[in-house]
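Participant: sequence? don't have it. structure:
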């Protein structure tokens, strides 16, 4: 079992930045691919980004490519999502995800998800 706790959400003006963090409980953190997805009110979940276990591969949704960066620190059991040039369309609850398979994270079918952190971008 992996427990994930997100932090770093909040209210920011358009054009601003936020960095989300996700702390994982498992000592074998580096055995899991990690990622982020989001869900806005009334909308379906949307993949945001993912990073491989070894930190050598990253994937992003087209909607965030060039603005968001995912990274991980295996020594701290933490994955990050740096979000720059935020826009109102980025407003959503952001969830951290973990799975042994990177593909399952990209396909929104990961074994583990956190409780989410709210990101609100005002215009």
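Facilitator: Structure received. The structure displayed is predicted, hence computed values, not measured ones.

Participant: where do the helices sit along this protein?
Facilitator: Taking DSSP state H, the helices of the chain run over residues 102-106.

Participant: flag the shaky bits of it, pLDDT-wise.
Facilitator: When the per-residue scores of the chain are filtered using pLDDT under 70, no range remains.

Participant: tell me the bridge partners for the most centrally placed residue in it.
Facilitator: For the chain, the residue sitting closest to the mean C-alpha position, by CA atoms, centre = their mean, is residue 36 at 2.4 Å. The partner list for residue 36 in beta bridges (DSSP bridges) reads residue 49, residue 96.

Participant: check contacts around it.
Facilitator: Under the criterion of CB atoms under 8 Å, 6 or more residues apart in numbering, the contact partners of residue 36 comprise 20, 22, 48, 49, 50, 70, 79, 81, 94, 95, 96, 97. (Glycine included, C-beta is placed from N, CA and C.)

Participant: the first one and residue 59, how far apart?
Facilitator: Here the criterion is CB to CB, to the nearest Å. By it, residue 20 lies 17 Å from residue 59.

Participant: these two - which one has more neighbours?
Facilitator: Neighbours were counted for residue 20 and for residue 59 using other CB atoms under 10 Å; residue 20 has more, 23 against 18.

Participant: do I have it right that the more buried one meets residue 5?
Facilitator: No. Distance between residue 20 and residue 5: 11.2 Å, which falls outside the contact criterion (CB atoms under 8 Å).

Participant: overlap in contacts of those two?
Facilitator: Where contact means CB under 8 Å, 6+ apart, the residues bridging residue 20 and residue 5 through contact with each are residue 96.
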